[in-house]
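# what shape does this take:
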Amino acid sequence: MAYVAVKGGERAIQNAEALLQAMRRGDNNIPELSLEQIKQQLSLAVNRVMAEGSLYDRDLAALAIKQSWGDLVEAIFLLRAYRTTLPRLYYSKPLDTAQMQLQRRISSIFKDVPGGQKLGATYDYIHRLLDFKLAAEDGEYVAPETDNVRANGHSSSRAIDTLGEEGLIQPETTSTGDRSFAPTDEPFDITRQSLTTPTNRDARLQNLARADEGFLLGLAYSTQRGYGTNHPFAGEIRVGDLEVIIEPEELGFEIAIADIQVTEVQMVNQFKGSKKLPPQFTRGYGLTFGYNERKAMSMALVDRALRAKEFGETIEGVAQDEEFVLYHSDNVEAQGFVQHLKLPHYIDFQAELNLVRQMRQEQVDRNNHDQAVKQFSPPSSSCSKI
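As a prediction, this is how the structure comes out:
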């Protein structure tokens, strides 16, 4: 009987998987979605999966999206799982984002910045109205030559560097105990080292780069609604291509191995000063794979919130709680804990069911006992007035 039950369960699982594949494919009379179509026309989804999956590979990200039936968190899980099978051959040199071949670059705190504002491709200035022309599925769109920044990209210094020249913004390498940007530091690797709190900013930034976009967005929003002490400004948002450079020991010189698209955000926050630090502006930093502005902005806001202890600020909101943020921001872990509730829990539930029944019976017994005591207790005497 046990063997039959196991075989029956196995067959049901196989049928469920087959049904999933059929539903994922949809109507066989409709042309199947290709990976190239996903890469070209769902590129923002591809960018998110690469960023939170910690693997820059558009083909694999597109495959994960297709396989996961469009569920981006499941796609991130698939990509993250595949990533664990890959060997690590080298560490790349730190990316110099000042050398980014810019596709988009804006600053909300300076009207004129070195190199100029570059709007690029953005939803920021359009109406949120459904475009029914897209339903025709035959539209052709040509990028204007003046905005073809991929062909005419150029590198540019950062907008907020002007604040640094006046000493008005905290430099990234400081004496406050935050050592994440010091060039002599060995980088923390959250994929190979267990994360414990309190930790350093480099580990926090790695965690935030892989964190769920929606979770970070909610935390970032909370800091702007008063659950924190900072009033942020978008110092600079830039999107563009960067060379990835390694220096193999066997070669003894640097070589470029890839060009990747990244989004970098630096938030500027006013700081009133402390006994150790003068009044100045401080930074929140975000860097992600691909065109991923909302994620990078949220990351920068949460990064600054998590620096509260560094600046002696009072912890007033969850976004400033390092342990809460770092241990709950990973969507792969979060969805695992939530979705495991769908798996069989018969024995656990039976134990709790028996416990609840026992507690209810004990409550009934206590009530009956109290009622019996009350019924047979002699009435209290009272004195009559003469």
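# do a quick rundown of the helices in the chain.
2-25, 35-41, 43-53, 58-67, 72-83, 161-165, 201-210, 213-224, 293-305, 322-328, 331-339, 346-376 (DSSP state H).
# can you list these in TSV and add mean neighbour count, mean pLDDT and distance to E313?
Any C-beta I mention is one placed from the backbone N, CA and C, and that applies to glycine too. What follows is the helices of the chain, written out as TSV (neighbours: other C-beta atoms under 10 Å; pLDDT from 0 to 100; distance: least, C-beta to C-beta, whole Å):
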stretch	mean neighbour count	mean pLDDT	distance to E313
helix 2-25	10	78	48
helix 35-41	14	96	43
helix 43-53	23	97	29
helix 58-67	21	98	38
helix 72-83	20	96	32
helix 161-165	14	83	20
helix 201-210	22	94	15
helix 213-224	19	95	12
helix 293-305	27	96	9
helix 322-328	17	95	13
helix 331-339	14	92	27
helix 346-376	10	91	43
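# and the longest strand along the chain, which strands flank it?
In the chain, assigned by DSSP state E, the strand with the most residues is strand 255-271. Sheet pairing of strand 255-271 (DSSP bridges) gives strand 232-246 (antiparallel), strand 280-289 (antiparallel).
# CSV please, covering those strands and showing distance to R192, mean neighbour count and mean pLDDT.
Listed next are the strands paired with strand 255-271 as CSV, based on distance: least, C-beta to C-beta, whole Å; neighbours: other C-beta atoms under 10 Å; pLDDT from 0 to 100:
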stretch, distance to R192, mean neighbour count, mean pLDDT
strand 232-246, 18, 20, 94
strand 280-289, 19, 22, 93
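# nearest to I237, of the helices of the chain?
helix 293-305 (6.1 Å; C-beta to C-beta).
# which secondary structure elements does that closest one sit against?
Helices and strands touching helix 293-305, as assessed by 3 or more C-beta pairs under 8 Å, 6 or more residues apart in numbering; DSSP states H and E, comprise helix 201-210, helix 213-224, strand 232-246, strand 255-271, strand 280-289.
# for the fourth one, which positions count as buried?
Just to be clear, that refers to strand 255-271. Within strand 255-271, the residues that count as buried by 16 or more other C-beta atoms under 10 Å are 260-269, 271.
# in CSV, list these along with pLDDT.
Output for the buried residues of strand 255-271, formatted as CSV (pLDDT from 0 to 100):
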residue, pLDDT
I260, 96
Q261, 97
V262, 97
T263, 97
E264, 96
V265, 96
Q266, 95
M267, 94
V268, 93
N269, 90
F271, 84
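# quick check, nearest of the residues you listed to N28?
So of the buried residues of strand 255-271, ranked by how close each gets to N28 (C-beta to C-beta), first place is Q261, at 35.0 Å.
# next up, the contacts around the closest one.
Going by C-beta atoms under 8 Å, 6 or more residues apart in numbering, Q261 touches 47, 103, 239-242, 289-291.
# ok, it to K374 distance?
78 Å (C-beta to C-beta, to the nearest Å).
# nearest spatial neighbour of E247, chain-adjacent residues omitted?
E254 (4.7 Å; C-beta to C-beta, 6 or more residues apart in numbering).
# also Y82?
Y82's closest residue in space is L60 (C-beta to C-beta, 6+ apart), at 6.6 Å.
# pretty sure that neighbour is touching A81, no?
No: the pair L60 / A81 is not scored as a contact, 11.2 Å apart, by C-beta atoms under 8 Å.
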